[in-house]
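K.L.:
with the sequence up front, the predicted model follows.
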Amino acid sequence: MELVGPILEVIKCFGGLTCTYIDHHRKLEENMNDLKRKVNDLNIRKQDVELRKEAEIHCRKVVKREVEKWFQDVQSMNAEIEKIEGKFRVVSYLSRARLGRLVCLKIKEVKAIYQQGSFPDGVAIEGPPAAGVTLPTTNLEGETDVKERIWEYLMGSEAGMIGVCGMGGIGKTTIMKHINNQLLQENRFEKVVWVTVSKELNVVKLQEDIARAMDMNSLPENEIERPAELMKILKGKRHVLILDDVWKQFSLLNVGIPVPTLHNGSKLVLTSRSIEVCKSMGCKVVKVQPLSAEESLNLFLNHVGRHSVLEDPALLDIVKLVVDQCGGLPLSIVTIAGSMKGVDDIYEWRNALNELRERVKSVKVLDTEIFECLMFSYDRLGDPKFQNCFLYCSLYPEDYEIERNEIIEKWIDEGLLDELETRQAMHDRGQSILNKLENNCLLERATHDFRGKVRMHDVLRDMALFIKSVGMRFMVKAGLQLKELPSEHQWTSNLDKVSLMNNSFLEISPHISPKCHNLSTLLLQKNVELERVPESFFEHIHGLKNLDLSYTRISNLPDSISNLENLVALVLRNCDKLRYVCSLPKLNALRKLDLFNTTIKEATTLNIKGEEAAKLRKLEVFLGSFRDLEDFEDYTKSILDQRPNNYLLAVGSPKPDYFYLDDGSRFYQNPKFNKEPISPCNSLKNIEKLQLHGLCNLRELARVGLAFESTSRNPTQPAVFSSLKSLYLRNCSSMKKLSSLEQLQGLQNLEEIDIRKLCLFKLPELKSICSFGVMVVTNSLQHIEIIDCPKLKRIPLSLPLLENGKPFPHPHVEQVLLYPKEWSEYVEWDDPVVKDMLSRFGWTEHQSTSANMPVLDRLLT
């Protein structure tokens, strides 16, 4: 009897092990699916952490070592899971239990790594102040001697000021960008400061740019104190100050730049086209010479493509002759190579050589010779609309970083893009043209391109203005900080476009009344001090088609603008002092009216009447505000099936409720809006994407018998939202039910399920998506996002059926986001097949939805 107890314990032990062994064997597939889901969750969290990491790095923070180790752990785990999946595919019957035990072990490890990745205290810490900004640049072909000489002067005591000079486009800036980056790598100076000066020296801007690079928040307003404060800061740190593109001599003392000495150890580098400027500033001159024949050919082949050229000896001989015409000028070499990229026909190369020879031999003036060489690439664009799009970019200030969407909007307003069905299609066309201009090296990506910007090389801009200096010409005085408008004699009758943006005008003199009958475009935006435009100014420019007065302080729009019957685009965005706009109905050609954010801080919003706006029959884009809902309803009733197709509408004051529909797509409103649902708006029936944000009193999307009554009274007329494809609801805290059975019957496309995205975010009172018994078919649904809807108990999704009555096996769903996880586990699914199908995505943790639901300011500015 004494042995019975120990024997039972042994049997019990072996019995437990046997049960575990059987579980591992029998539940291998189930556990493997669980492991895959958890690994999917882990990788989604990895993506989130990577986004957080990138954001912190952008703010110059240093990523924690524990975060880097976590990324390594995730990577290792993914590799291990990949091996396990390989074993699972070929596992034998006898090996199932051993593999099942390994799978269970990895489930625990994945869960642990997942929990470690929350990083509640952040993924980065404050790093040391950055010495400067690393600049993007291309490989440096040749110029080794020049770069080494500049470096010797920077490291030695022979020179405190270095002047790097040479003709435009010869590579001065590229060389200095490489040196800037090398200085930062070797960390020999406390600060490395890069400032672009440009042709028109603006002392105040130069001071501010230097101060910003030295981490100063602001400089004194006083003209005497400003340079003194700047000099004090610069003297406090051993630095290298690089001033790029200096055109004329200036006083370092007046700016606030201390003269570099052996004692303070700082250095100053200028780049300039003029050797006289460098000498007059007291610099040790380093002259950049043209590339040698070998260096020129290497650079050309790197950009045109070596393979196709080197394969054909006859073609290579012609390419060498083409390169010779570039005169060793890197900008010309790169630009012409870009325009010939992909060309392998020897006859086309011969023709290109002949064209280049004819252009270059006809001129001997240095700058003009460079232009003629570069104009070869301009001519090869072929399409005049492409060429005009390129020329339009020269209307912006020198070295200006142009937002891609902004320039495309301008091209559309100018009629430079072909008419397409939707504005989105025209934007796609514009993006394609920008890409072509970049690929042909006529535009380049801006240095800090996180918002999608391009810039023009100053030599190419000079060439564009040279092209538009004859015939119907441009007058461009942008970004020069002018205090007064050009005198009236400069406003000649052959002006086509005038750009005076980014200056410092206070007002326009009443004595200036330009007689420019052919003027089509006038750009006065971002003259932030401009308060008054006189009536007389527009009296003789009746051919004007595009007028931009955005970001100015004007309070009244002259009545004479109402006589501009050819006006196509009137842009008054962010004129926050504007309180009066002249009568609009006479502007019969108007296709774009932008009154966005014309709110007066102390008084009321600039309002317009719905009936008056509706008389603008050609309007395609309308961003403005109405005094009240009645005016808004008058407008929507008046336009019916007509334009505009793109609009942002505000209702009320002083802080209006904004509606925004892009090709009839987005719809915004602020929390104080009426509890009533939107009244009949037949113009909204083509909406494909609907976003409702921050409507804390909204309880229903639309009322039966109101927005959806058209199905019973007039069967030929589609109901509101009948084209809906994407639905986003966010922060509508009183919303209880999305739709009823009657409403779903009004949404034909919803029944046919053309809806592709369903996003419900922070709807604390939402209890149902639609009436009980109604299910939404998912044959087009691609994206499902339901986050923080705690009272939602049921998800009425079903799979489409095949002809044999069985569920469709391959739905189009690409992403499923359900949060919190606890809720996603107990919510009911009307169709269990859908739940099983969607489970392969895993129920992911909450991700930022900022990409889907942008705040209004970021969406529109």
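P.N.:
All right, it came through fine. Numbers count the residues shown, from 1 in each chain.
K.L.:
for the rest of this, base every contact and every neighbour count on C-alpha atoms.
P.N.:
Will do.
K.L.:
in the stretch 1-150 of the chain, where is pLDDT below threshold?
P.N.:
Applying pLDDT under 70 to the stretch 1-150 of the chain picks out residues 1-19, 58-60, 127-129.
K.L.:
packing partners of the host helix or strand of Lys83?
P.N.:
Following DSSP states H and E, one finds Lys83 within helix 65-89. In terms of contacts (3 or more C-alpha pairs under 8 Å, 6 or more residues apart in numbering; DSSP states H and E), helix 65-89 is packed against helix 28-58, helix 96-116.
K.L.:
that one to helix 96-116, inter-axis angle?
P.N.:
Between helix 65-89 and helix 96-116, the angle comes out at 160 degrees (axes from the mean of the first three to the mean of the last three C-alpha atoms, to 10 degrees).
K.L.:
who's in contact with helix 65-89?
P.N.:
The contact list for helix 65-89 (C-alpha atoms under 8 Å, 6 or more residues apart in numbering) reads 39, 42-43, 46, 99, 103, 110, 113, 116-117, 123.
K.L.:
ok, stretch 255-268 next?
P.N.:
Under C-alpha under 8 Å, 6+ apart, the answer for stretch 255-268 is 154, 157, 160-162, 203, 206-207, 226-231, 234-235, 238-243, 252.
K.L.:
re the thing from before, dump the helices and strands packed on helix 65-89 to CSV, plus mean neighbour count and distance to Asp788.
P.N.:
Shown next, in CSV, are those (neighbours: other C-alpha atoms under 10 Å; distance: least, C-alpha to C-alpha, whole Å):
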stretch, mean neighbour count, distance to Asp788
helix 28-58, 18, 18
helix 96-116, 17, 20
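K.L.:
picking up where we left off before, tell me which two in the contacts of helix 65-89 are the farthest apart.
P.N.:
Distance extremes for these: the farthest pair is Leu99 and Val123 at 35.2 Å, using C-alpha to C-alpha.
K.L.:
if we can go back for a sec, which of the contacts of stretch 255-268 fall within strands?
P.N.:
Mapping those onto strands (DSSP state E) picks out 161-162, 239-243.
K.L.:
below-threshold pLDDT in the stretch 151-300 of the chain: ranges please.
P.N.:
Ranges of the stretch 151-300 of the chain meeting pLDDT under 70: none found.
K.L.:
neighbours of Phe189, how many?
P.N.:
17 (other C-alpha atoms under 10 Å).
K.L.:
am I right that it is in contact with His239?
P.N.:
Yes - with contact defined as C-alpha atoms under 8 Å, Phe189 reaches His239; the gap is 5.4 Å.
K.L.:
of the contacts of stretch 255-268, select the buried ones using a PyMOL command.
P.N.:
Burial among these is assessed by 16 or more other C-alpha atoms under 10 Å; the matching PyMOL selection reads:
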select buried, resi 154+160+161+162+203+206+207+226+227+228+230+231+234+235+238+239+240+241+242+243
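K.L.:
gap between the closest residue to Leu253 other than its chain neighbours and Ser118?
P.N.:
Once flanking residues are discounted, Leu253 sits nearest to Pro227: 7.4 Å by C-alpha to C-alpha, 6 or more residues apart in numbering. Counting by C-alpha to C-alpha, to the nearest Å, the separation of Pro227 from Ser118 is 48 Å.
K.L.:
do the same with Val827
P.N.:
Relative to Ser118, and taking C-alpha to C-alpha, Val827 is found at 25 Å.
K.L.:
tilt between the helix holding Lys83 and helix 28-58?
P.N.:
Using the same axes, to 10 degrees: helix 65-89 against helix 28-58 is 150 degrees.
K.L.:
how far is helix 65-89 from where the chain is centred?
P.N.:
Centroid separation for helix 65-89 versus its chain: 34 Å, with C-alpha atoms, centre = their mean, to the nearest Å.
K.L.:
now that helix: buried residues?
P.N.:
Here helix 65-89 shows 67, 70-71, 74, 77-78, 81, 84, 88 as buried, counting by 16+ other C-alpha under 10 Å.
K.L.:
same deal with stretch 151-170?
P.N.:
153-154, 159-170.
K.L.:
can you tell me which of those comes closest to Met340?
P.N.:
Nearest member of the buried residues of stretch 151-170 to Met340, counting by C-alpha to C-alpha, is Gly169, at 19.0 Å.
K.L.:
check contacts around Asp836.
P.N.:
Asp836 sits next to no residue when contact means C-alpha under 8 Å, 6+ apart.
K.L.:
again with Tyr551
P.N.:
525-528, 572-576.
K.L.:
which of those residues sits closest to Gln289?
P.N.:
Nearest member of these to Gln289, counting by C-alpha to C-alpha, is Lys526, at 39.5 Å.
K.L.:
so that closest one sits against Asn503, correct?
P.N.:
Yes - the pair Lys526 and Asn503 qualifies as a contact (C-alpha under 8 Å) at a distance of 7.2 Å.
K.L.:
flag every buried residue along the helix or strand Gln424 falls within.
P.N.:
Gln424 is part of helix 423-439, with elements assigned from DSSP H and E. Of all the residues in helix 423-439, those buried under the rule 16+ other C-alpha under 10 Å are 423, 426-427, 429-431, 433-434, 436-439.
K.L.:
hmm, which of the contacts of Tyr551 is lowest in pLDDT?
P.N.:
Among the contacts of Tyr551, Asp576 carries the lowest pLDDT, at 82.
K.L.:
how many neighbours does that one have?
P.N.:
Count around Asp576 with other C-alpha under 10 Å applied: 22.
K.L.:
just give the nearest non-adjacent residue to it, would you?
P.N.:
That would be Thr598: by C-alpha to C-alpha, 6+ apart, it lies 4.5 Å from Asp576.
K.L.:
okay, now that neighbour: neighbour count?
P.N.:
Other residues close to Thr598 by other C-alpha under 10 Å number 24.
K.L.:
can you put the buried residues of helix 65-89 in TSV and add distance to Lys757?
P.N.:
Putting the buried residues of helix 65-89 into TSV (distance: C-alpha to C-alpha, whole Å) gives the following:
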residue	distance to Lys757
Val67	33
Trp70	33
Phe71	31
Val74	30
Met77	32
Asn78	30
Ile81	32
Ile84	35
Phe88	35
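K.L.:
in contact with the residue nearest to Leu253: list those residues for me.
P.N.:
Here Pro227 is in contact with 207, 253-257 (C-alpha under 8 Å, 6+ apart).
K.L.:
wait, isn't Gly430 in contact with Ile408?
P.N.:
Yes - at 5.5 Å, Gly430 counts as touching Ile408 under the criterion of C-alpha under 8 Å.
K.L.:
how far does stretch 466-476 sit from its chain's centre?
P.N.:
31 Å.
K.L.:
could you pull up the mean pLDDT of that stretch?
P.N.:
On average, stretch 466-476 scores 89.
K.L.:
with stretch 585-599 instead?
P.N.:
Here the average pLDDT along stretch 585-599 is 81.
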